[in-house]
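In: Sequence first, then the predicted structure:
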Amino acid sequence: MSYINREIQELLVDYAEALRDGSIPVFLKSLTRVEAKTITTSSEFWDATEIVQFLNGAGFADKAVTPNVGLFISRVDAEITSRLKQATPAASSLRDKTAGTKQTSYRHKTSD
Amino acid sequence: MDTSGSERIDMNRRLRNALKGLTAPDLKRRRRAMEPFVRATFEMFIRYLYRYLGNEIECEDVLEDVYADIWENPDHLRNVTTEKQLLRTVYLYYMRKRLREVYRRINRNLYLSQQSLMNLVAPESGVLEMLSQSELQQALHRTLSKLKARERRAIELWMEGASNRAIANELKTTVGAVKMLEFRTILKLKKMLHATADEV
């Protein structure tokens, strides 16, 4: 991706390669002002990206190394806990206002 | 014994039950339903996200937020009855929002407009987006067989992970010619795949 002002077919192939290799940020950073304008105004590019994404799904999604679902579930659980914690101070301050000085402690379940 | 059929029924029942729990008003029940829901949908969602990101780590990060968003606000899933409908709803209401945020920060100093970036990473869902993984494979197999030998070979090599230089060596041509061939073939594939997707 070291060319200056690539043609639309080169931009598409470079995008396809970046998507296949999981390096979209590198492709985005490689775009010059002219190339970005070329992409924005080219209907062919947008037509072709749909197929590139489709090929990526058909050709490489099955080969992707997915994590252990059990471990992933604990990540989701931790994220939910974190959101609950963020929501809790507002809720507890509201409760304190309505119920005087009553103190409440919260225990959050964490999973390993 | 046909185990694949029974597995499919079992999975659908699990998913149905998980969805029922997930759309309950009680937060604790929703949280309990999250585990079976993730187990039933994880593979489907992560492969779908992979189309747009091509990177397992980013897929995981996005999916983590997607599941937490679903737990927080599952209203859109209330009337979902099929897996296809589920995927479409999750993409439109939960995934797209998160996909838009993935590269937004790095794009601040780039030349591509935010709108173009959004179209690139989180496009409007078209006919092809809603095909399942197996339907995708079938449609692609059928379409590739209709291409010219040289076009088919270029796409097959590309899908095997070959570089443009390697494809050029295999087809005994230049890298520039390979890029042009791939570009034209991709546009040709679009027309053919849309016709095939309409049949599915």
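Out: Here it is on my side, so go on.

In: Where do the domain boundaries of chain B fall?
Out: B:3-124, B:133-199 (automatic domain parsing).

In: Of all those domains, which one comes closest to A:Thr81?
Out: domain B:3-124 (9.2 Å; CB to CB). C-betas here are computed from N, CA, C, even on glycine.

In: From the chain's centroid, how far away is that closest one?
Out: Relative to the centre of its chain, domain B:3-124 is centred 10 Å away, using CA atoms, centre = their mean, to the nearest Å.

In: near chain A, anything from that domain?
Out: Yes: judged by CB under 8 Å from any CB of the partner chain, domain B:3-124 and chain A are in contact via B:31, B:34-35, B:38-39, B:42-43, B:46-48, B:50-56, B:58-60, B:63-65, B:67-68, B:71-72, B:103, B:106-107, B:110-113, B:116-117, B:119-121, B:123.

In: Then stretch B:178-192?
Out: Yes: using CB under 8 Å from any CB, stretch B:178-192 reaches chain A at B:Val178, B:Lys179, B:Met180, B:Glu182, B:Phe183, B:Arg184, B:Ile186, B:Leu187, B:Leu189, B:Lys190.

In: among those, which one has the lowest pLDDT?
Out: Lowest pLDDT within those is found at B:Lys190 (87).

In: what ranges do the helices span in chain A?
Out: A:8-21, A:24-30, A:33-41, A:43-59, A:69-98 (DSSP state H).

In: In JSON lines: the ones you listed, plus mean neighbour count, mean pLDDT and distance to chain B.
Out: As requested, the helices of chain A are exported to JSON lines (neighbours: other CB atoms under 10 Å in any protein chain shown; pLDDT from 0 to 100; distance: least, CB to the nearest CB, whole Å):
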{"stretch": "helix A:8-21", "mean neighbour count": "21", "mean pLDDT": "92", "distance to chain B": "4"}
{"stretch": "helix A:24-30", "mean neighbour count": "18", "mean pLDDT": "90", "distance to chain B": "5"}
{"stretch": "helix A:33-41", "mean neighbour count": "16", "mean pLDDT": "92", "distance to chain B": "4"}
{"stretch": "helix A:43-59", "mean neighbour count": "20", "mean pLDDT": "87", "distance to chain B": "4"}
{"stretch": "helix A:69-98", "mean neighbour count": "14", "mean pLDDT": "78", "distance to chain B": "4"}
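
In: and of the ones you listed, who's closest to B:Thr174?
Out: Here helix A:8-21 is closest among these (CB to CB), at 12.5 Å.

In: Any idea how far that closest one is from the middle of the chain?
Out: On CA atoms, centre = their mean, the centre of helix A:8-21 falls 19 Å from the chain's centre.

In: again, but for stretch B:134-144
Out: 15 Å.

In: right, quick check: that stretch against chain A, any contact?
Out: Yes: Stretch B:134-144 lies within reach of chain A by CB under 8 Å from any CB, at B:Leu136, B:Gln137, B:Leu140.

In: cool, stretch B:155-173 as well?
Out: Yes: judged by CB under 8 Å from any CB, stretch B:155-173 and chain A are in contact via B:Ile155, B:Trp158, B:Met159, B:Gly161, B:Ser163, B:Asn164.
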